[in-house]
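J.: Okay, sequence plus prediction incoming.
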Amino acid sequence: MADLKLTQLHKHYGAVHAVRGVDLEIPAGEFTVLVGSSGCGKSTLLRTIAGLEQADQGSIEIAGQVVNDMPPRDRDIAMVFQNYALYPYMKVYDNIAFGLRVRKMPEADIAQKVKSAADMLAIGHLLDRYPRQMSGGQLQRVAIGRAIVRNARLYLFDEPLSNLDAQLRDEMRSEIKRLHQELGKTFIYVTHDQIEAMTLADRIVLLREGQIEQAGAPLDMFERPATQYVAGFLGSPPMNFVPARLVAQGGGYAVRLEDGAELALPPARVAKLAARADQPVTLGLRPEHMSRAEAALRPGLARYSSRVDLVQPTGSRTYATFKLGGVEAIAELDAHDVQRANERIELALDMNRAVLIEPSTHRVL
Ligand code: ADP
Ligand code: MG
C-alpha cells in the first residue's frame, strides 16, 4: 500500500490555480523530492498534504485512509518548515519536546527521545540554549530534531536548507540523506534546487505550473527527459538548445544547424527519425557532452569548429561559451583545454548523448 496517494488534487487561492490536478503515489520508505522553479506550487502541495491548506478537489490518502477532512495533528505527519518555526521563548529541549508533550507522552520517554534525536543531529550540547543564541545550521538541526522525535508516518520538508550558506548546505544535505537511511521512513522534500533534488531523491517529481511535468529516478530523468523543460531544468550549466533541421546524409541522418554545419547522428538513433526527414528539430546537448576534438573521433562524435567568446575556469573544469549554429552555447571542457577568449577551438559533440526535441510540442523524440 502506498504511504501517500494523491488523486486529481486541486488547490486555488482566489484566482490563482496553484495545484492543477496532481496524481501521485509514494511508497513507504521512499525519499521523494518535489522540485520546480519558484511559484510552481511545491509549498502549496506539501501544505495541502499536511492539512495546513484545504484541497478544493481530489483526495489525499495516507496509508489507505482519506484524510481530506482530518486536522493536521491527526494525520501522522511531521514537518520541517523553511523558516524553522521554532518557539523563540522556549529552550531547544522544550522546542523538540513540544510535539510530544502535546500528545501527552510521559516526561521520561520524552527525555529519552530528545536525547537520541539530539545525539543523531549532534546538538546534545545545545539543549539549554534559546533559538536566538544559535546559528542557522544549528536552528535547522533543531527543527529537524523536532520532526524526527515524532514517530510519524510521513516526514515533510519545505526547502529546509535554503537559508544556509553553501558549505553548511552541503553538509546538511548529506546528513538528511543519512537520516533517511537510518530512519527508513517516507520523506517528501521540497526544493527549487535541482542539485539537491538529484542528490537526495529516490524519485524526483518535477512540478511546473501546478502540474507534474515528469517523475522518475534522478538519473533516468537526467538521461531520458520527456520534455525540453525537464531537459533544461536538470543539469548545471543547463543543456544547450539549438534550432536545426533533420536531413538525410550518406545513407543515414544528420542534424543541420542554421550555419550549415551537419552533425551526423549515430545509426542506432535513426530508425524512429526517418519519418521526420527535412523537418525542423531542436538539438539538445549538455555542456559535459562536448570536449576538445582529437585528430580522430570515436564513432558518434561530430566535429564542430568555433571561436570561443568567454572562458570561465572553475579549477577542475573550464566553461567555454561559443556560438553553436547561431545560438550561444556552453561547453564544459578540461581545465586547460582553452586558455582565452577569441581562441578557435575544434569541439567533439557527443551525438550519442544528444537529445532531439519536436519544436512545436517541446517533447523529446
Ligand atoms: P513554490 O513553493 O513552488 O514556490 P507556492 O506553492 O508557494 O510555490 O505558490 C504557488 C502559487 O500560489 C504562486 O503563484 C503563489 O503566488 C500562490 N500562493 C501561494 N500561497 C498563497 C496564498 N496564501 N494566497 C494567495 N496566493 C498564494
Ligand atoms: Mg515554497
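T.: The structure has been received and is ready for your questions. Ligands and ions are numbered 1, 2, ... in the order given.

J.: name the element Phe222 belongs to?
T.: helix 218-223 (DSSP states H and E).

J.: list the helices and strands that helix packs on?
T.: Helices and strands touching helix 218-223, by 3 or more C-beta pairs under 8 Å, 6 or more residues apart in numbering; DSSP states H and E, are helix 194-200, strand 203-208. C-betas here are computed from N, CA, C, even on glycine.

J.: After the helix or strand that Asp170 is a member of, which helix or strand is next?
T.: Using DSSP H and E, Asp170 maps to helix 166-183. Toward the C-terminus, helix 166-183 is succeeded by strand 186-191 as the next helix or strand (DSSP H and E).

J.: and the angle for that following strand with helix 166-183?
T.: 160 degrees (axes from the mean of the first three to the mean of the last three C-alpha atoms, to 10 degrees).

J.: what does strand 186-191 contact?
T.: With contacts defined as C-beta atoms under 8 Å, 6 or more residues apart in numbering, strand 186-191 is touched by 3-4, 26-35, 42-43, 45-46, 49, 153-162, 176, 180, 197, 200-201.

J.: Give me the angle between that strand and strand 203-208.
T.: Calculated by the same axes, to 10 degrees, strand 186-191 forms an angle of 40 degrees with strand 203-208.

J.: Who does strand 186-191 pair with, and is each partner parallel or antiparallel?
T.: Sheet pairing here is set by DSSP bridges, and for strand 186-191 it gives strand 31-35 (parallel), strand 154-158 (parallel).

J.: close to ligand 1, is it?
T.: No: Strand 186-191 stays clear of ligand 1 (C-beta under 6 Å from any ligand atom), getting no nearer than 6.6 Å.

J.: For that strand, what is the distance to the chain centroid?
T.: 11 Å (C-alpha atoms, centre = their mean, to the nearest Å).

J.: and the worst-scoring helix or strand of the chain on mean pLDDT, what does it pack onto?
T.: Lowest by mean pLDDT, DSSP states H and E among the helices and strands of the chain is helix 166-183, with a mean of 87. On a contact count with 3+ C-beta pairs under 8 Å, 6+ apart, helix 166-183 meets helix 136-148, strand 186-191, helix 194-200.

J.: quick revisit: pull out the buried members of the contacts of strand 186-191.
T.: Listed as buried from the contacts of strand 186-191 are 3-4, 26, 30-35, 42-43, 45-46, 49, 153-161, 176, 180, 197, 200-201; burial here means 16 or more other C-beta atoms under 10 Å.

J.: Which ones, among those residues, also lie beside ligand 1?
T.: Contacts with ligand 1 within the buried ones among the contacts of strand 186-191, as defined by C-beta under 6 Å from any ligand atom: 42-43.

J.: deepest of the helices and strands packed on helix 218-223, which one?
T.: Highest mean neighbour count of those: strand 203-208, a mean of 22 (counted as mean count of other C-beta atoms under 10 Å).

J.: My guess is Ala320 contacts Asp334. True?
T.: No: Ala320 is beyond contact range of Asp334, at 10.6 Å (criterion: C-beta atoms under 8 Å).

J.: got a pLDDT number for Ala354?
T.: Ala354 is assigned a pLDDT of 95 by the prediction.

J.: OK, contacts around the closest residue to it other than its chain neighbours?
T.: Computed as C-beta to C-beta, 6 or more residues apart in numbering, the closest residue to Ala354 that is not its neighbour in sequence is Leu285, at 5.3 Å. Neighbour list for Leu285: 239-240, 242, 324, 329, 349-350, 353-355 [criterion: C-beta under 8 Å, 6+ apart].

J.: Redo those residues as JSON lines? Include neighbour count and secondary structure.
T.: As requested, the contacts of Leu285 are exported to JSON lines (neighbours: other C-beta atoms under 10 Å; DSSP: H, G, I helix; E, B strand; the rest coil):
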{"residue": "Met239", "neighbour count": "26", "secondary structure": "coil"}
{"residue": "Asn240", "neighbour count": "22", "secondary structure": "strand"}
{"residue": "Val242", "neighbour count": "23", "secondary structure": "strand"}
{"residue": "Leu324", "neighbour count": "26", "secondary structure": "strand"}
{"residue": "Ala329", "neighbour count": "25", "secondary structure": "strand"}
{"residue": "Leu349", "neighbour count": "26", "secondary structure": "strand"}
{"residue": "Asp350", "neighbour count": "18", "secondary structure": "strand"}
{"residue": "Arg353", "neighbour count": "16", "secondary structure": "coil"}
{"residue": "Ala354", "neighbour count": "21", "secondary structure": "coil"}
{"residue": "Val355", "neighbour count": "20", "secondary structure": "strand"}
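
J.: Can you pull the residues of the stretch 1-150 of the chain lying near ligand 1?
T.: Going by C-beta under 6 Å from any ligand atom, the residues of the stretch 1-150 of the chain near ligand 1 are 13, 16, 18, 36, 38-44.

J.: so where do the helices sit in this structure?
T.: Along the chain, the segments classed as helices by DSSP state H run 42-50, 92-102, 107-120, 136-148, 166-183, 194-200, 218-223, 228-233.

J.: No further questions, thank you.
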